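give the three-dimensional model of this entry:
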Amino acid sequence: MQELWSRGGFLQGSAAPGQRSRIETEVIRLQDLLRGRRFQEALAGAQALLDEVPENRDVLYTVAVAQRYLGRVPAALATLQRLETLHPGYSRLFQERGHCLVAADNPGAATAAYLQAVHINSALPASWKALEVLLRAAGQLEDARNAAAHVSKLASLPVAVVTATSLFADGEVFEAERIIREFLQTHGDHIEGMRLLALIGMKLDVLDDADFLLESVLVFAPDYHLARYDHVRVLLQRHRHTQALEESRKLIAHDPQNRNYRAVHATVHVALGDHTEALRLYRELLVETPEAADVHLSVAHVLKTIGQQQEAIRSYREAARIRPSYGDAYWSLANLKTYRFGDDEIAAMRVEEARAGAEIVDRYHLCFALGKAFEDRADYATSFHFYDQGNSLKKREIRYRPELIERNAALQAALFTRPFLAARRGFGSERADPIFIVGLPRSGSTLIEQILASHSLVEGTMELADIPRLVQRLHGRDQGEATPRYPAAIVDLTSERLRELGEKYLTDTQVYRTSKPFFIDKMPNNFRHLGLIYLMLPNAKIIDARRQAMACCFSNFKQLFASGQEFTYSLEDIARYYRSYVELMAHWDAVLPGKILRVDHESVVEDLEGNVRRLLEFCGLPFEPQCLEFHATQRSVRTASSEQVRRPIFREGLDQWRRYEPWLSPLREALGEHAHA
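Numbering: from 1, shown residues only. The predicted structure follows:
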């Protein structure tokens, strides 16, 4: 694994942290003053720095520490209260509060503060040591022994691992990665170091490396159940659901009462479409802990997927009642598309979104929910403000680079020429089971899926990740920017290898199917890989779900996706992605004539029966009238359009974007000639 530690980091090739700023350099100087016990100088310098950066976490923390050492405990506690308001997830503020409360001879409150610190960050030796003393003095001997065990465990670990773990827990991901990579250069098989690097990979969405690392940990330590739990979570994110089920069963067999194991096991059943079992498992957890907001949310998601909207609404509301700042609960209500917020709910959301110290993840969920709430009230200026703010907040978390998508599209077009494809005619598996629906999200693809899944011969599945996962394997670990391996690696794939890949795709997706001869794969981003799909499965059907550019792009701007679709969080990025999509689809149409059916959403709305007959004819399916009554079909639907496709077709959504025209000039300009397409 030496090559993995030697790589430039998970952010190789992207915007990595630069040189230290002047503020960061000054904070380091002040911390050196604290270590040198020059507390008055450290306090004066930190207070002066606060005039420039009044909300800076590290400066406020330095002020509080200096105040405590100078005996100004009430002032230190006041500084820590301000710090908590601004940075409520910072573990060291609670540790410092514990130190202050010990100095103020308040052991009960100190114990609570230290417990809060280690709940956020288990790699705080000073907190565990203090807890051991306080708990023993309070007669809580079992808890004191547990604290002592943590002290011992941390003492047994290399300093680098403890330091990096603590940094990671407090959100300093890049520094944690740097330290742990450097450590693993010389301690490449250290179990805790490997697991920590995997957790960092999960945080940064580098799931292939996280998967590889955790598999390696479990080879060295098959009884390391916490690493197995982490591995199940990675497998879920990578849509490797069958393997996730195998691993989660091992966890349940080891400890059938563990709540985390049971919750992730339920999530695996959701991913596999076994909603009955998932609901049973979640509801068992709720009986034990009825105030668990996250479990109420999970229950609601399942109920929404299977079409039990009113029950889902009750569960979403319960999650928000238990945790008023729970942005995901409010956004999930908004994401039903048919739900309307009351005045009290809107007021509560606005208070939570504006609250100092609100978590960014809650803030952007609340912003998207408020955008929908004010859209429903025809207050489009306020609605756009919240949509725009939600997108800006979300974009801070992601590392989307449009040039990589555009480069890949250019490489696809350069490789997949008519002569290249003609030379490979007859390659791949002959089976015609899959119907691929591609395009952009929010393009009407769920409606097409629901129409086809209403047919007696067609299985509706979900947005399957099998093609993206295959592409990732073809890329390999070294996805260098200068000479990417994909799609160039396709040149070396023989007829036999392409047939094997096609058959493997069919085998791997069987878990989502029943006995119906055809099934739908509705992963929209597969439009980027239609050349590979054709070579693997030349008889598969491909449908291009298309929607008018301004309508489609703005609908994506309004949508907060559970994962992926990182191009949707700025108007410019959306426009660039749409242009790349349209241009690549024009290429596929030219080199694969007759293989792709384009279905315009507006046309489906205007002439449902004509388009249903056209779809079925293209797929080689006899006409069935229930395809016209698609909204009556009972099946699980996981996309944002789940409630809309359970209603008869409606026109009112076609031109909704026009209500926001005063704010969409940047989108129109970025789309250029495609704006009217």
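
when you work out contacts or count neighbours from here on, use the C-alpha atoms and nothing else.
Fine.

run through the strands of this structure in chain order.
Ranges of strands in the chain, per DSSP state E, are 434-439, 458-462, 518-521, 541-546, 596-600.

give the contact list for the residue lying closest to residue 109 once chain neighbours are set aside.
Spatially, and ignoring its direct neighbours in sequence, residue 109 is nearest to residue 101 (6.6 Å; C-alpha to C-alpha, 6 or more residues apart in numbering). Listed by C-alpha atoms under 8 Å, 6 or more residues apart in numbering, the contact partners of residue 101 are 107, 109-110.

rank the strands of the chain by pLDDT, which is bottom?
Comparing mean pLDDT across the strands of the chain, the weakest is strand 458-462, with a mean of 91.

so what does that one touch, helix or strand wise?
helix 445-453, strand 518-521 (3 or more C-alpha pairs under 8 Å, 6 or more residues apart in numbering; DSSP states H and E).

pull the longest helix from the protein.
Looking across the chain with DSSP state H, the single longest helix is helix 571-591.

quick one: it to strand 541-546, angle?
Between helix 571-591 and strand 541-546, the angle comes out at 140 degrees (axes from the mean of the first three to the mean of the last three C-alpha atoms, to 10 degrees).

report the buried residues of helix 571-591.
571-582, 584-585, 587-588, 591 (16 or more other C-alpha atoms under 10 Å).

contact partners of that helix?
So helix 571-591 is contacted by 402, 405-406, 409, 413, 416-418, 421, 439-440, 527-528, 530-531, 549, 553-554, 556-557, 567-568, 595-596, 666-667, 670-671, 674 (C-alpha under 8 Å, 6+ apart).

ok and that helix relative to strand 434-439, angle-wise?
140 degrees.

alpha carbons of helix 571-591, as CSV, please.
The C-alpha trace of helix 571-591 is given here as CSV (Å, rounded to 0.1, in the frame of the first residue of the first chain):
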residue,chain,number,x,y,z
LEU,A,571,-26.1,28.9,-12.3
GLU,A,572,-22.8,29.0,-14.3
ASP,A,573,-21.9,25.4,-13.4
ILE,A,574,-25.4,24.2,-14.3
ALA,A,575,-25.2,26.0,-17.7
ARG,A,576,-21.8,24.5,-18.5
TYR,A,577,-23.0,21.0,-17.6
TYR,A,578,-26.1,21.4,-19.7
ARG,A,579,-24.1,22.6,-22.7
SER,A,580,-21.7,19.7,-22.3
TYR,A,581,-24.6,17.3,-22.1
VAL,A,582,-26.4,18.6,-25.2
GLU,A,583,-23.2,18.6,-27.3
LEU,A,584,-22.2,15.1,-26.2
MET,A,585,-25.7,13.7,-26.9
ALA,A,586,-25.5,15.3,-30.4
HIS,A,587,-22.3,13.2,-30.9
TRP,A,588,-24.0,10.0,-29.7
ASP,A,589,-26.9,10.6,-32.0
ALA,A,590,-24.5,11.0,-34.9
VAL,A,591,-22.3,7.9,-34.2
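
now the angle from that helix to strand 596-600?
Counting by the same axes, to 10 degrees, helix 571-591 lies at 140 degrees to strand 596-600.

now helix 571-591, how far from the centre of its chain.
Here the centre of helix 571-591 is set off from its chain's centre by 24 Å, with C-alpha atoms, centre = their mean, to the nearest Å.

show me the shaky parts of this structure.
Scanning the chain for pLDDT under 70 picks out 1-19, 477-482, 634-653.

got the domain boundaries for it?
Using automatic domain parsing, the domain ranges for the chain come out as 11-221, 291-395, 402-676.

nearest the geometric middle of this structure, what residue?
residue 563 (3.5 Å; C-alpha atoms, centre = their mean).

any idea how far residue 372 is from that residue?
Distance of residue 563 to residue 372, given as C-alpha to C-alpha, to the nearest Å: 19 Å.

repeat that for residue 115.
From residue 115 to residue 372 the distance is 39 Å (C-alpha to C-alpha).

before we move on, what about residue 659?
Noted for residue 659: a distance of 13 Å to residue 372, by C-alpha to C-alpha.

of these two, give the one with the bigger neighbour count.
Shown here are residue 659 and residue 372; by other C-alpha atoms under 10 Å, residue 372 has more neighbours (28 against 14).

my guess is that one meets residue 333, correct?
No: Residue 372 is not in contact with residue 333 according to C-alpha atoms under 8 Å; the separation is 9.9 Å.

nearest to residue 188, of the strands of the chain?
For the strands of the chain, proximity to residue 188 was assessed by C-alpha to C-alpha; strand 458-462 is nearest, at 39.0 Å.
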